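**Q** Just the structure for this:
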Amino acid sequence: MKSQFLEAGQIVNTHGVRGEVKIMPWADSPEFLCGFDTLYMDGKPVKVLSSRPHKAMVLATLEGVDTVEKAMKLKNKVLSIDRTGVELSGGRHFLADLMGLSVLDAATGEKLGVIEDILTPPAHEVYVVKGKEKSYLIPAVDAFLAETNVEGNYIKVNLIEGLETDV
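**A** Below you'll find the model as predicted:
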């Protein structure tokens, strides 16, 4: 079952003296996180009064946080979003929904393992697949991904030599 709330970033510092916080987004872009009027901290809703991208970060003013001292108390807090109403463009999925999916060889149907981790280097995600005997690092690009079926709890991949690893 998909969780209604997804971790989306972490407050890493303050910005200025009026209580603005600097958020490290855990999304494709800072702009995605800026699209939310409400974030969730410790399971409670927090109204976002303003937000804007700043380099790879998000600078935000949160309701009730109007001094640098109040903002400092929020440092390292994890922020979540409510997935209800969020529409991702075609073929996109929340990484949290991919974790634990079975990974099948598209050619043979053989189960290779499950997605245990997702690496996010600059170019594209890489799925870390752990099987009983082997592990794989599979780039999340069209050449390797034959089918992604989150509802069916599996993805099918096109294997080539060199994807096996000692991870």
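
**Q** show me where the protein has strands.
**A** Ranges of strands in the chain, per DSSP state E, are 5-15, 20-25, 38-41, 44-54, 57-62, 78-82, 102-105, 111-119, 126-130, 135-139, 145-149, 154-157, 164-165.

**Q** Among those strands, which comes closest to Leu95?
**A** Nearest to Leu95, of all these, is strand 111-119, at 5.1 Å by Cβ to Cβ. Any C-beta I mention is one placed from the backbone N, CA and C, and that applies to glycine too.

**Q** Pairing partners for that closest one, with directions?
**A** With DSSP bridges as the test, strand 111-119 is paired with strand 102-105 (antiparallel), strand 126-130 (antiparallel).

**Q** Let me know which of the strands of the chain is the nearest to Gly91.
**A** Gly91 sits nearest to strand 145-149 of all these, at 7.5 Å, using Cβ to Cβ.

**Q** so how far is that closest one from its chain's centroid?
**A** 18 Å (Cα atoms, centre = their mean, to the nearest Å).

**Q** And stretch 30-41, by the same measure?
**A** Relative to the centre of its chain, stretch 30-41 is centred 13 Å away, using Cα atoms, centre = their mean.

**Q** Tell me which residues of that stretch come out buried.
**A** For stretch 30-41, the neighbour count (16 or more other Cβ atoms under 10 Å) marks Pro30, Phe32, Leu33, Cys34, Phe36, Leu39, Tyr40 as buried.

**Q** Give me the contacts around that stretch.
**A** 5, 8-9, 23, 25, 27, 45-48, 51-54, 56-58, 62, 74, 77-82 (Cβ atoms under 8 Å, 6 or more residues apart in numbering).

**Q** What subset of these is buried?
**A** Buried members of the contacts of stretch 30-41, counted by 16+ other Cβ under 10 Å: 8-9, 23, 25, 27, 46, 48, 51, 57-58, 62, 74, 77, 79-81.

**Q** Check those and tell me the two furthest apart.
**A** Applying Cβ to Cβ across the buried ones among the contacts of stretch 30-41, the maximum distance is between Ala27 and Leu74, 18.9 Å.

**Q** Pull up the pairing partners for the helix or strand of the chain with the lowest mean pLDDT, direction included.
**A** One helix or strand of the chain scores below all others by mean pLDDT, DSSP states H and E: strand 164-165, with a mean of 74. Each strand that pairs with strand 164-165, with its direction, by DSSP bridges: strand 135-139 (antiparallel).

**Q** domains of this structure?
**A** Residue ranges for the domains of the chain, per automatic domain parsing: 5-82, 95-158.

**Q** mind putting those in JSON lines, distance to Asp166 included?
**A** Rendered in JSON lines, the data for the domains of the chain read as follows (distance: least, Cβ to Cβ, whole Å):
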{"stretch": "domain 5-82", "distance to Asp166": "28"}
{"stretch": "domain 95-158", "distance to Asp166": "7"}
